[in-house]
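>>> what would the 3D arrangement of this be:
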Amino acid sequence: MNPLLLKEIQVANSKFGAYYGLLEFRYKNLCVKADPFSLLPVTVEANLYDCNIEEIASVEKPNDFQLAIYPHEESFLEDIARGVYEAHPEFKLQYMLRPTEGEDQKLDPQQLYDPTVQGFKYLLCTMPEVDKNRYDLLKNGVKALHDECISKINILNMQTKAALTDGSFLSTQKDMDEAEARLKELYDTTKEKADQLLQEKLDEIEEAYKNYHEGDKSSDNETDDYDPGYDVLTGMRLEQ
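Residues are numbered from 1 along each chain as shown. Sure, this is the predicted structure:
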């Protein structure tokens with residue numbers, strides 16, 4: 001293939017990958033099940049420096065709906081909680097204590113620096129339940145993000161196809177046909193992956209919504225406490 005055509009295809013391939021990667025990253029941050037990748041946007045101010053969370057803590061997933069954040073130093077715990085809240089105010093945050101003996105237990109914030117409280121202190125992040133309001137918001141959100149991704153790859157596909165056929169590369173018809181076939185393959189693959197990602201996320205939302213109802217949550221009560229000015233993706237819940 002003409003090297004200039006090949007370079008055009010490579011640039012398009014890189015952009016296709018970037019658009020898909022952005023969609024995947026955004027889906028990971030519309031949290032239904034717990035995903036450590038959702039903590040990538042978290043910035044923590046510790047020791048007067050802005051740090052990524054992996055620099056000052058380790059993260060584990062004890063189950064499908066919780067993340068446990070273990071600080072490297074106990075003094076970082078409040079800063080970590082603040083950073084997580086700023087990135088994901090929809091998470092339910094709990095300070096936890098792992099005593100030398102017995103089961104883990106909730107910890108009141110005023111106990112964080114109590115020298116009489118013995119054990120390892122960490123932060124537990126619980127994903128919000130998918131009630132009717134959050135269900136609608138999530139479904140609309142993931143579809144809108146998918147539409148945005150598809151729109152961008154459609155535009156890129158048309159722009160690249162036009163560039164390949166405008167005659168500026170002085171290529172043979174065989175090279176141009178080969179480049180167009182390669183572009184179509186890249187476009188189709190990216191669109192298929194984006195469509196699959198959407199379906200997987202919708203299935204995840206449906207499963208969580210079903211689990212919410214199976215947990216004896218009455219749909220009649222879902223709107224009783226609903227505040228129309230409250231955004232379920234940006235509301236803060238810090239349990240003590």
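
>>> tell me where the model's unsure across the protein.
When residues are selected by pLDDT under 70, those of the chain lie in 1, 168-170, 216-240.

>>> just the helices in it please.
Ranges of helices in the chain, per DSSP state H, are 3-28, 53-56, 77-87, 132-164, 173-214.

>>> centroid-wise, who is the farthest residue in this protein?
Distance from the C-alpha centroid of the chain peaks at Thr172, with 44.8 Å (CA atoms, centre = their mean).

>>> mind checking how far that residue is from Leu5?
For Thr172, the distance to Leu5 (CB to CB, to the nearest Å) stands at 10 Å. For glycine as for every other residue, the C-beta is placed from the backbone atoms N, C-alpha and C.

>>> and Lys33, by the same measure?
For Lys33, the distance to Leu5 - CB to CB - is 43 Å.

>>> cool, and Leu107?
Distance from Leu107 to Leu5, counting by CB to CB: 62 Å.

>>> Lys33 and Leu5: who's more crowded?
Shown here are Lys33 and Leu5; by other CB atoms under 10 Å, Leu5 has more neighbours (21 against 16).

>>> excluding covalently adjacent residues, which one is nearest to that one?
Leaving aside its sequence neighbours, Leu5 sits nearest to Ala179 (CB to CB, 6 or more residues apart in numbering; 4.3 Å).

>>> also Leu22?
Nearest to Leu22 is Cys149, by CB to CB, 6+ apart, at 7.2 Å.

>>> neighbours of that neighbour, how many?
Residues contacting Cys149 under the criterion other CB under 10 Å number 24.

>>> next one: Gln199
Residues lying near Gln199 (other CB under 10 Å) number 12.

>>> with Val130 as the reference, measure out to it.
Noted for Gln199: a distance of 17 Å to Val130, by CB to CB.

>>> test my guess that Gln111 contacts Val117.
Yes - using CB atoms under 8 Å, Gln111 is in contact with Val117, at 4.9 Å.
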